[in-house]
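Asker: Give me the fold of what follows.
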Amino acid sequence: MIYHEIKVKYDRQTGEDNPGKVKEIYLINGAVSFADAENCLLDEIKPFIFGDCEVQNCKRSQFFEIFPNEGGAFWYKARVEMITIDGEKETRRNVAVLVQANQLDDAAFALKQAMKSYDYELISMAKTQIVDILNAVH
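Answerer: Numbers count the residues shown, from 1 in each chain. Next up is the predicted model:
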């Protein structure tokens, strides 16, 4: 699945009468263009913007699978090597997977449960700065 990954920097209310600059990363699903993805994000964060807002980066990101968990506070990106065997030929392909969890151990466990029907090897897993995944409305 291909997503638009947008990094945005803006003034956000961070406490009582205390606006502060924040940098956040969002993934946008279903956007047909970079402009569509940016508009979707800006519509979502508009109520939280106090002052300047700058889209710093917009790029396409591809994920083999995304495993959301409503109770998870963070997104972890795992690099996995998918293994397929066709006859006597073994093929290995590196892919990225996102898992939502509260900590690294939970993310690794969730990945193991979600990928149990696949033959794969975990290469790496790290916490990302992704705040949320949004769906573009058409």
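
Asker: what's the neighbour count on the residue lying closest to residue 71 once chain neighbours are set aside?
Answerer: Using Cβ to Cβ, 6 or more residues apart in numbering and skipping residues adjacent in sequence, the residue nearest residue 71 is residue 102, 7.1 Å away. Backbone N, C-alpha and C define where each C-beta goes, glycine included. Applying other Cβ atoms under 10 Å, we find 12 residues neighbouring residue 102.

Asker: Please report how far the residue of the chain most remote from its centre lies from residue 40.
Answerer: Seen from the C-alpha centroid of the chain, the residue lying at the greatest distance (Cα atoms, centre = their mean) is residue 88, 35.8 Å away. According to Cβ to Cβ, to the nearest Å, residue 88 and residue 40 sit 47 Å apart.

Asker: Quick check, residue 77 in contact with residue 126.
Answerer: Yes. Counting by Cβ atoms under 8 Å, residue 77 touches residue 126, with 5.9 Å between them.

Asker: out of those two, which sits in the busier spot?
Answerer: Each of residue 77 and residue 126 has its neighbours counted (other Cβ under 10 Å); residue 77 has more, 17 against 10.

Asker: so which helix or strand takes in the more buried one?
Answerer: Using DSSP states H and E, the element containing residue 77 is strand 74-86.

Asker: Wait, residue 13 touches residue 47, no?
Answerer: No. Taking contacts as Cβ under 8 Å, residue 13 lies outside contact range of residue 47: 9.7 Å.

Asker: In terms of neighbours, single out the busier of those two.
Answerer: residue 13 (14 against 7).

Asker: Tell me how far the more buried one lies from residue 41.
Answerer: Between residue 13 and residue 41 the distance is 18 Å, computed by Cβ to Cβ.
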